[in-house]
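# sequence and predicted model, in that order:
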Amino acid sequence: MRLVDTHTHLDFPDFDADRSEVLGQARRAGVERMVVLGVYQDNWQRVWELVKSDPQLYAAFGLHPVYLEQHRPEHLLALGDWLSRLRGDRQLCAVGEFGLDYYVAELDRERQQALFEAQLQLAVDFDLPALLHVRRSHADVIARLKRFKLARGGIVHAFAGSYEEAREYRRLGFRLGLGGAATWPQALRLRKVLPRLGLDGVVLETDSPDMAPAMYAGVRNSPVHLPQIAVALAEVMGVAPQVLAEASTRNACELFGW
């Protein structure tokens with residue numbers, strides 16, 4: 001099984017004690033490439049140093065809505081500077097992680113929306129895919145994607161929306177990131193949606209160290225778990241694990257231009 005983990009946070013301190021071992025185990029398990037996402041200005045350098053230490057790691061940089069109180073107007077300028085400086089580097093693959101989070105009530109929606117739109121414009125300006133965080137905000141995200149029309153689309157990370165929302169994202173050129181969430185029996189709505197999703201529209205992810213799958217409840221998530229996540233999702237979708245693996249890897253490579 002050849003796999004791509006399209007959403008990881010391998011730079012997080014959770015991996016400081018055994019990062020090299022995790023990378024080796026993931027490769028032996030068939031996870032050939034991994035995307036590491038920056039979420040606030042202070043971790044971009046850490047992400048980039050990690051990515052440049054391994055030719056099969058790729059970086060995305062963004063300003064995540066959950067860290068809204070940390071972001072400053074000058075950080076947007078800095079993001080543009082990073083993207084400009086790294087333009088054309090094979091290991092820069094996207095803008096992200098950014099988006100809208102209406103689940104966390106104390107996050108100001110107007111500030112989120114302004115930050116979201118500014119980063120969508122950067123994705124347009126630099127002709128990069130967008131890796132999106134979307135929680136309870138699908139309608140507002142879709143409306144803005146229709147306005148900005150990203151030529152290279154992107155990924156809706158940890159997709160948990162309806163079939164109708166999935167169809168809208170696909171029309172806009174976005175793939176749907178699937179990971180540990182749908183392995184849980186309690187995810188009833190999502191598990192009903194998954195079999196209706198075409199294989200051409202999905203990519204696999206872990207969001208490690210978060211969003212552990214059901215078979216690793218209470219354990220730090222890791223790219224090492226991606227093959228078992230693929231097997232569990234394939235069962236929900238009614239396809240063979242190898243078929244899902246091949247489709248998701250092909251979709252990721254097409255999206256990122258690999």
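Sure thing, it's come through.
# those strands in the protein, which residues are they?
Counting by DSSP state E, one finds strands in the chain at the ranges 3-8, 31-37, 57-61, 92-101, 130-135, 154-157, 174-178, 202-204.
# partners of the second one, with directions?
Applying DSSP bridges, strand 31-37 is found paired with strand 3-8 (parallel), strand 57-61 (parallel).
# can you pull the buried residues of stretch 54-65?
Using 16 or more other C-beta atoms under 10 Å as the test for burial, stretch 54-65 gives Asp54, Leu57, Tyr58, Ala59, Ala60, Phe61, Gly62, Leu63, His64, Pro65. Every C-beta, even on glycine, is put in place using the N, C-alpha and C of the backbone.
# what's stretch 236-250 in contact with?
The contact list for stretch 236-250 (C-beta atoms under 8 Å, 6 or more residues apart in numbering) reads 1-4, 30, 32, 178, 182-183, 191, 194-195, 197, 199-200, 202-204, 227, 230-231, 233-234.
# redo the strands paired with strand 31-37 as TSV? Include mean pLDDT and distance to Asp42.
Shown next, in TSV, are these (pLDDT from 0 to 100; distance: least, C-beta to C-beta, whole Å):
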stretch	mean pLDDT	distance to Asp42
strand 3-8	98	18
strand 57-61	98	12
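# let's have those in TSV, adding distance to Asp127.
Output for these, formatted as TSV (distance: least, C-beta to C-beta, whole Å):
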stretch	distance to Asp127
strand 3-8	19
strand 57-61	14
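# closest to Leu172 out of these?
strand 3-8 (17.4 Å; C-beta to C-beta).
# need the CA coordinates for the closest one. PDB is fine.
What follows is strand 3-8, C-alpha atoms only, in PDB (Å, rounded to 0.1, in the frame of the first residue of the first chain):
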ATOM      1  CA  LEU A   3       0.100   6.200   0.900                       C
ATOM      2  CA  VAL A   4       0.300  10.000   1.300                       C
ATOM      3  CA  ASP A   5      -0.500  11.600   4.600                       C
ATOM      4  CA  THR A   6      -1.900  15.000   3.400                       C
ATOM      5  CA  HIS A   7      -2.200  16.600   6.900                       C
ATOM      6  CA  THR A   8       0.200  16.200   9.800                       C
END
